[in-house]
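In: sequence plus predicted model, see below.
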Amino acid sequence: MGEFFAIACAVSWALAVILFRRSGETLPAFELNLFKNLLAAGLMVPTIWIFHGVSLPGYSAMEWWIVVVSGVIGIAIGDTWYFRALNLMGAGRTGVIGMMFSPFVIVLSLVFLGEHLRLFQYAAFLLVLIGVLLVTWRHNRREISPEVLWKGAAFALASVLFMAIAIVMIKPVLENHEFLWTVGVRLMAGALGMLLYVGAAGSWRRVLAHFRSPQPWPTVIGASVIGSYVSMLFWLAGYKLTQASIASVLNETAAIFIVIFAWLMLGEPLNWRRIAGVILAFCGVVLIVLP
């Protein structure tokens, strides 16, 4: 089931990305990320109440600290730096550097969780990464200065490292405590971290001005629910029920599903390079999930 949830996360996130494209994504990256996280955190409150009631989870003091820190560094800092990289150097370059998430998780899981992949799973991991690279690579990217490129690359690399640290550190808590509480507290910590950042930077007026301006709210809300609430549940369920290293590789297939959905829903063309990338990635997925 862990592999299923990891792939379901990739599918739901890809669908959310297509919905954001359809809406025009008129909200700036930070405001969109803040809205997504606040909405998802708000939805987790009734979800937790329905399934767990009002009793608090049985975390130790250290486990509370781990869940909160995971949310702050993975959502508030990691996501914000990732969007900063997008603004600096575009989606193509950022997406390629984002592929370092899986290697980071694999190394951290090996060191801190004692996980190991079998030899053929490493080969499958390479197939997935090559497939994603073929799908996402673009020859004609906008030219930017070396200084901006290095700055964007540093933000992107730091963001995926923080995301990897955040997910590896929370995996033992996910395995031993109430799942929905862990998801909810982590989301709330990330959203609170972003609100504190807005307060410290004195950006309330700018953020509220964007929220009050005309937006395609039905599409933005639908994409946010799928992309931040549903996919977050699937994402953490995958890490709870299978090895972190395997879940991280399967999550990479989101880029493949984005291409497929863009072809089916937006009419974007498929070329032979992208088709080859899709085939390679799915072959890698099959190898990874083999018993």
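Out: Yep, it's here.
In: buried residues, stretch 47-64. List them.
Out: Buried residues in stretch 47-64, counted by 16 or more other CB atoms under 10 Å: 47-48, 57, 59, 63. Where C-beta positions appear, they are placed from N, C-alpha and C, glycine not excepted.
In: make JSON lines out of those residues and add distance to Gly267.
Out: Below are the buried residues of stretch 47-64 laid out as JSON lines (distance: CB to CB, whole Å):
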{"residue": "Thr47", "distance to Gly267": "36"}
{"residue": "Ile48", "distance to Gly267": "40"}
{"residue": "Pro57", "distance to Gly267": "46"}
{"residue": "Tyr59", "distance to Gly267": "48"}
{"residue": "Glu63", "distance to Gly267": "48"}
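In: okay, those in TSV with secondary structure and distance to Asn176 next?
Out: What follows is the buried residues of stretch 47-64, written out as TSV (DSSP: H, G, I helix; E, B strand; the rest coil; distance: CB to CB, whole Å):
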residue	secondary structure	distance to Asn176
Thr47	helix	20
Ile48	helix	17
Pro57	coil	10
Tyr59	coil	10
Glu63	helix	8
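In: pLDDT weak spots in the chain?
Out: Applying pLDDT under 70 to the chain flags residues 21-25, 90-92, 95, 136-143, 289-291.
In: need the longest helix for it.
Out: Identified as the longest helix of the chain according to DSSP state H is helix 146-176.
In: got the angle for the helix or strand just after that helix vs helix 146-176?
Out: Next along the chain after helix 146-176, taking DSSP states H and E as the criterion, comes helix 179-201. Taking axes from the mean of the first three to the mean of the last three CA atoms, to 10 degrees, helix 179-201 and helix 146-176 form an angle of 150 degrees between their directions.
In: mind listing what's buried in helix 179-201?
Out: 179-195, 198.
In: that one packs against which elements?
Out: helix 29-52, helix 61-71, helix 78-98, helix 146-176, helix 231-241 (3 or more CB pairs under 8 Å, 6 or more residues apart in numbering; DSSP states H and E).
In: most tightly packed of these?
Out: Most buried of those by mean neighbour count (mean count of other CB atoms under 10 Å) is helix 231-241; its value is a mean of 22.
In: now for it, which elements pack on it?
Out: When contacts are defined as 3+ CB pairs under 8 Å, 6+ apart, helix 231-241 packs onto helix 2-23, helix 146-176, helix 179-201, helix 244-251.
In: by contact count, what packs against the longest helix of the chain?
Out: helix 61-71, helix 78-98, helix 101-108, helix 179-201, helix 231-241, helix 244-251.
In: how far off centre is that helix?
Out: Here helix 146-176 is found 10 Å from its chain centre; the criterion is CA atoms, centre = their mean, to the nearest Å.
In: what's the answer for stretch 270-285, then?
Out: 21 Å.
In: thank you kindly, that will do.
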